[in-house]
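Undergrad: Just the structure for this:
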Amino acid sequence: MIGSLFGESNDPGSHRHSSLLKSKPKLDGLRLLVIDDSFLIRQALAFLLKSWGCELTLASNARIACDQFQRDKAPHIIISNFRLNDDCDGINAIRLVRKLAGRKIPAFLMGKIEDDSVSKRAQSEDLFFLRPPLPLAKLHLMLWHMLQLEASRGLDV
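TA: Numbers count the residues shown, from 1 in each chain. A predicted model of the protein is given here:
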């Protein structure tokens, strides 16, 4: 299942990312909120991200994500699938969590979306749009970079 999300890429820089993953910059303590309506995807991401030292909150839709946000520590980063099985897509789910937080939490939107209007909406919300397959090393590096940005802003990392 995770192979459909992440995999080897024809991107010439993917070998560079692979060597960076071997050195594994630490992601210990990075808090992530993962929103995906697929139980299998949530579990696969949880397994992967926990192996990197991340702390996770998992939610299957926007309502649960907001409920979890109010109970748990605020995430450093949100990762959401675009398509969710409720009345709210991933862009709106991220918007709702950000509103609760009172700040623009860095966020990734994932999905096999070819619709330019979705891409434009994601850009207007300052979301990083990830289209699978995404090499694991590249995801790791992106998360590490965002962790460094959060730390430089003086946020609790």
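Undergrad: For Ile41, grab the count of nearby residues.
TA: For Ile41, the neighbour count with other C-beta atoms under 10 Å is 17. C-betas here are computed from N, CA, C, even on glycine.
Undergrad: What pLDDT is listed against it?
TA: What the model reports for Ile41 is a pLDDT of 91.
Undergrad: Can you tell me the SS state at it?
TA: Following DSSP: H, G, I helix; E, B strand; the rest coil, we place Ile41 in the helix state.
Undergrad: Likewise for Gly154?
TA: Assignment for Gly154 (three-state DSSP): coil.
Undergrad: can you give me the helices in the chain?
TA: 2-5, 14-23, 39-51, 62-71, 90-101, 116-124, 136-152 (DSSP state H).
Undergrad: For the last one, buried residues please.
TA: Judged by neighbour count using 16 or more other C-beta atoms under 10 Å, the buried positions of helix 136-152 are 136-144, 146-147, 150.
Undergrad: how about those residues in a markdown table, adding pLDDT?
TA: Converted to a markdown table, the buried residues of helix 136-152 look like this (pLDDT from 0 to 100):
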| residue | pLDDT |
| --- | --- |
| Leu136 | 86 |
| Ala137 | 87 |
| Lys138 | 86 |
| Leu139 | 89 |
| His140 | 91 |
| Leu141 | 89 |
| Met142 | 88 |
| Leu143 | 91 |
| Trp144 | 89 |
| Met146 | 85 |
| Leu147 | 82 |
| Glu150 | 75 |
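Undergrad: can you list the weak-confidence ranges in the protein?
TA: 1-24, 155-157 (pLDDT under 70).
Undergrad: Please repeat the previous calculation with a cut-off of 90.
TA: Applying pLDDT under 90 to the chain flags residues 1-26, 28-29, 70-74, 85-87, 111-123, 128-139, 141-142, 144-157.
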